[in-house]
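Colleague: No letters, just coordinates:
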Ligand code: FES
């Protein structure tokens, strides 16, 4: 079977370069997905001692404000309540103090502390995940 030069070039291009182009597109999509940061804002943070919102827990004390991920360090359940002054995971009962330290397992690691900025004009805290 004889093919024209043009057909050969087209087939050569499809076979040689297309997988690389597709790979680049997939890598770009994955990279942009991973690097996209979620921003959580909490208004009126200064009025409550403990605030749960989405994936974060904000704790205000006399020493200042701490922000933690609400993701339990055991298996990742969302911590969304305080019981007897402790942050308690609803899944397996791990408990953390209000500084994020583990009090009872099965979690072995402290809660992840997050960085934040405060917009004093809007009275809100901004957390970039
Ligand atoms: S996921 Fe929180 S204690 Fe298991």
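Modeller: Okay, I see it. In this text the structure is predicted, and so the values were computed from the model without any measurement.

Colleague: switch to C-alpha atoms for all contacts and neighbour counts from now on
Modeller: OK.

Colleague: And the next helix or strand past the lowest-mean-pLDDT helix or strand in the chain?
Modeller: Ranked by mean pLDDT, DSSP states H and E, the weakest helix or strand in the chain is helix 18-35, scoring a mean of 76. With elements assigned by DSSP states H and E, the helix or strand that comes after helix 18-35 is strand 39-43.

Colleague: domains for this protein, by residue range?
Modeller: Domains of the chain are assigned by automatic domain parsing as 5-35, 39-128.

Colleague: Just put those in TSV and tack on mean neighbour count.
Modeller: Putting those into TSV (neighbours: other Cα atoms under 10 Å) gives the following:
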stretch	mean neighbour count
domain 5-35	11
domain 39-128	16
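
Colleague: just checking, what packs against the helix or strand harbouring residue 126?
Modeller: Secondary structure assignment for residue 126, by DSSP H and E: strand 124-128. Applying 3 or more Cα pairs under 8 Å, 6 or more residues apart in numbering; DSSP states H and E, we find strand 124-128 packed against strand 39-43, strand 116-119.
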